[in-house]
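Engineer: Here's my sequence, what's the structure:
(chains A, B, C, D, E and F)
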There are 4 protein chains.
Amino acid sequence: MFEQSSHPRSLRAKDSVLCATKELLDEGGLGAATVDAISARSGVSKATIYKHWPCRTAIAAEAFGRRMADSIPLPNEGNVIDDLTEQVRRVSRFYSGPNGKVFAQLLAASVTDEAAAPYFREFFLDTRRANVAELWERALRRGEVNPAISAGTATDLLFGPLIFRLLTGHAPLTEHEADAITTAALHGLLEP
Amino acid sequence: MFEQSSHPRSLRAKDSVLCATKELLDEGGLGAATVDAISARSGVSKATIYKHWPCRTAIAAEAFGRRMADSIPLPNEGNVIDDLTEQVRRVSRFYSGPNGKVFAQLLAASVTDEAAAPYFREFFLDTRRANVAELWERALRRGEVNPAISAGTATDLLFGPLIFRLLTGHAPLTEHEADAITTAALHGLLEP
Amino acid sequence: MFEQSSHPRSLRAKDSVLCATKELLDEGGLGAATVDAISARSGVSKATIYKHWPCRTAIAAEAFGRRMADSIPLPNEGNVIDDLTEQVRRVSRFYSGPNGKVFAQLLAASVTDEAAAPYFREFFLDTRRANVAELWERALRRGEVNPAISAGTATDLLFGPLIFRLLTGHAPLTEHEADAITTAALHGLLEP
Amino acid sequence: MFEQSSHPRSLRAKDSVLCATKELLDEGGLGAATVDAISARSGVSKATIYKHWPCRTAIAAEAFGRRMADSIPLPNEGNVIDDLTEQVRRVSRFYSGPNGKVFAQLLAASVTDEAAAPYFREFFLDTRRANVAELWERALRRGEVNPAISAGTATDLLFGPLIFRLLTGHAPLTEHEADAITTAALHGLLEP
DNA sequence: CACTAATCGAGACGGTACGTCGGGTCTTATG
DNA sequence: CATAAGACCCGACGTACCGTCTCGATTAGTG
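Structural biologist: Predicted coordinates:
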């Protein structure tokens, strides 16, 4: 995506950069993933780096995102309640772990860094949203969920609260909290 | 909060700074609210500014937050459905307006800028959350909502999705979307 | 000199300031003798300090100078050669000791700090030059020195080289070097 | 000296900086040669400037020193008395002119600014001292001066007094005074 | 197998903002 | 009424990182 010079040299360079960036992110968060640092560690010059990405944040988004998709496999318990409960738990666990911090920084940076937003969207949101959409479709087919609600709305309702808490830290991201959110989202706020 | 030396000079300086910052935020977003710019426009020296706030973001948070509380008055329609629907609409409208951009930048900056987080929390979250909590209490007393759900969870469920969309821009913040979120949150995702 | 408010409080304040300054100079050179530091240690407010001295350097000059006069007593060996040799040695020793550093900083600061120059002159130069002038008069009366040369010229010839070396550090200030200078100055550069 | 990356860009930047600094020194002394001012006038960024020099004073020393060497040509009258007399006069004239002030500020700054001292030494002292040393050698070969006296001592004896007066302003730097110093230094202080 | 273009590494550079420091002035409340 | 306390303005400091740039060396795939 975004470019495809299939020169072997380009490929090697891109790989080195993403690899080095990932390391730096792991070691010191987004703040440590300076372009100079990335260049130094990867052995790829800044000029070359900027030939492949529009800005620092984009590199970080790609580097970090590549391996995140796999790290949260989609559950398939057979019924929507268990599926969604488990998925929200997994994401919540991811957010409260060491990677959550970096994820938050990345999301925050994408707000400022216009050019990085598409990268962030591609490597984080799209995959994740597609996953949940699939899960949602399954549930729809089984007649378990309200067909008036779109997969998008459902996704935001379930994961928006997690993101919100991750960013501001105004409430914890424990499993218990995750379950409370899922339950409330599934059954609604109103008195039964 | 944080300090109040009640010295008239301090007060004048703080006021000038907050005022100037608000103007700059309105004119050019968080990017324009440089400490140098704030200092220049307010006539308060940088040294003095840094005696009152730990960092640039904190100033912006306070300046922007002071007047936001008023800008979203709490509705009181007599029943929880209308109240929450209206409140989510108002917040959504605020987010999609010119201030939404600045709010997002501020929230994003607070992630990076550790020292600014408490300022952001105080001037944005606490007030807002207290408001919704009040609304929630009212509904609880009227037996309209599920008492097993805390005000905090309810708040996050309703506004988390808005924040999520504001930050990533992956979905619009129209009134229609706001209503879809509110409805889903109120009645739940499951098939009735 | 320079002011004479004989209020007892003024006197106490001046003394405290000079004392504190001397300590700070001894501890960390001129760099440590910040006005704030002086104020803090002496318990005299900055406003009061600036009522007594025109600038930081002036305080330091007075504080440091007060006790220097005594620290280099005038020799009286009975003949000019021994007298001058000994005096140059003493001054040279002073310069190469811990106080020499501070003296150099003070002299340097007086160049920039116009207001401090008279203080420096009074507390350092005048006394010293008067001393040497006295020594020179004695020698003149004994017919030991060239009456065509003024005391001022003689002083500069003997001590200028020391100052020069102290400031630039281009040559050492050992006793041997001091003697070499004195000898050359006394007998002249030309082939006998 | 100190580094010469021979990159053409480096050279251009260094040149611009030195040039701009010289102008600023001429216009307003060392006080006007702010790093910001230098950066603004030269079009070279502060970061780049600090990559070439350790501190402000070092830049000024180099800028000012580069052209000073030429401004005081070495006399060659054929005999040491005339040579030295003339040289002392020239230096004295230089010191009492507009450049003298800047020179004094520079020398003073080098005392405080440890990092600048080598620059000052290189661009001012070394050349000058080498010049006088050459003159001294010539005189030695002609048997005109006392071979027991080193060139260094002679230099300090002749120019130390000038520096001393330049810094403290305790005595004028007229030609008459210059001659008095030279005469005294050449023939010695003692009664013939 | 050399040749010619693209591509690269290295890193200098301009720019912009940062947060800090110290000097000297001014205000307020105290004794 | 002078003082202690300390807030304040000013102006400069040296640093950090961004994204652009120039350079000479390295490399591909053509003739």
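Engineer: which secondary structure elements does the helix or strand containing A:Phe64 contact?
Structural biologist: Here A:Phe64 sits within helix A:56-66, counting by DSSP states H and E. Applying 3 or more C-beta pairs under 8 Å, 6 or more residues apart in numbering or on different chains; DSSP states H and E, one finds that helix A:56-66 makes contact with helix A:8-32, helix A:35-42, helix A:98-112, helix A:117-120. Quick note: C-beta positions are derived from backbone N, CA and C, even for glycine.
Engineer: Now the third one: buried residues?
Structural biologist: Same thing as helix A:98-112. For helix A:98-112, burial by neighbour count (16 or more other C-beta atoms under 10 Å in any protein chain shown) applies to A:99-112.
Engineer: circling back to that earlier point, restrict the helix holding A:Phe64 to CA atoms and write it as CSV.
Structural biologist: In CSV, the C-alpha atoms belonging to helix A:56-66 read as follows (Å, rounded to 0.1, in the frame of the first residue of the first chain):
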residue,chain,number,x,y,z
ARG,A,56,7.6,9.8,11.6
THR,A,57,4.2,8.8,13.0
ALA,A,58,3.4,6.8,9.9
ILE,A,59,6.4,4.7,10.3
ALA,A,60,5.5,4.0,13.9
ALA,A,61,2.0,3.2,13.0
GLU,A,62,3.0,0.7,10.4
ALA,A,63,5.8,-0.8,12.5
PHE,A,64,3.5,-1.2,15.5
GLY,A,65,0.4,-2.2,13.6
ARG,A,66,1.9,-5.0,11.5
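Engineer: Which is the succeeding secondary structure element to the lowest-mean-pLDDT helix or strand in chain A?
Structural biologist: Within chain A, no helix or strand scores below helix A:68-71, which has a mean of 72 by mean pLDDT, DSSP states H and E. Counting by DSSP H and E, the next helix or strand C-terminal to helix A:68-71 is helix A:80-96.
Engineer: which helices and strands does that following helix pack with?
Structural biologist: Using 3+ C-beta pairs under 8 Å, 6+ apart, helix A:80-96 sits against helix A:98-112, helix A:127-141, helix A:151-168, helix A:175-187.
Engineer: Pull out the buried residues from that helix.
Structural biologist: Neighbour-count burial for helix A:80-96 flags A:80-81, A:83-96 (criterion: 16+ other C-beta under 10 Å).
Engineer: Which stretch among the helices and strands packed on helix A:56-66 approaches chain D most closely?
Structural biologist: Nearest to chain D among the helices and strands packed on helix A:56-66 is helix A:35-42; the distance by C-beta to the nearest C-beta comes to 12.5 Å.
Engineer: and the helix or strand that that closest one is followed by, is it in reach of chain D?
Structural biologist: Per DSSP H and E, the first helix or strand lying C-terminal to helix A:35-42 is helix A:46-52. No: judged by C-beta under 8 Å from any C-beta of the partner chain, helix A:46-52 stays clear of chain D, getting no closer than 15.0 Å.
Engineer: Spit out the contact partners of A:Asp83.
Structural biologist: Neighbour list for A:Asp83: A:75-77, A:135, A:138-139 [criterion: C-beta atoms under 8 Å, 6 or more residues apart in numbering or on different chains].
Engineer: Report the secondary structure state of A:Ile149.
Structural biologist: Under DSSP: H, G, I helix; E, B strand; the rest coil, A:Ile149 falls in the coil class.
Engineer: that older thread, so what touches the least confident helix or strand of chain A?
Structural biologist: A:94, A:99, A:103, A:123-124, A:127-128.
Engineer: 10 Å instead?
Structural biologist: When contacts are defined by C-beta atoms under 10 Å, 6 or more residues apart in numbering or on different chains, helix A:68-71 is touched by residues A:90, A:94, A:97, A:99, A:102-103, A:123-124, A:126-128, A:130-131.
Engineer: re earlier: out of the buried residues of helix A:80-96, flag the one nearest to B:Asp179.
Structural biologist: Nearest to B:Asp179 among these, counting by C-beta to C-beta, is A:Leu84 at 22.4 Å.
Engineer: now that closest one: how far from A:Asn131?
Structural biologist: Using C-beta to C-beta, to the nearest Å, one gets 11 Å for the distance from A:Leu84 to A:Asn131.
Engineer: tell me, what's touching these two both at once?
Structural biologist: Shared contacts of A:Leu84 and A:Asn131 (C-beta under 10 Å, 6+ apart): A:Pro75.
Engineer: any low-confidence regions in chain A?
Structural biologist: Residues of chain A that meet the criterion pLDDT under 70 lie in A:1-9, A:69.
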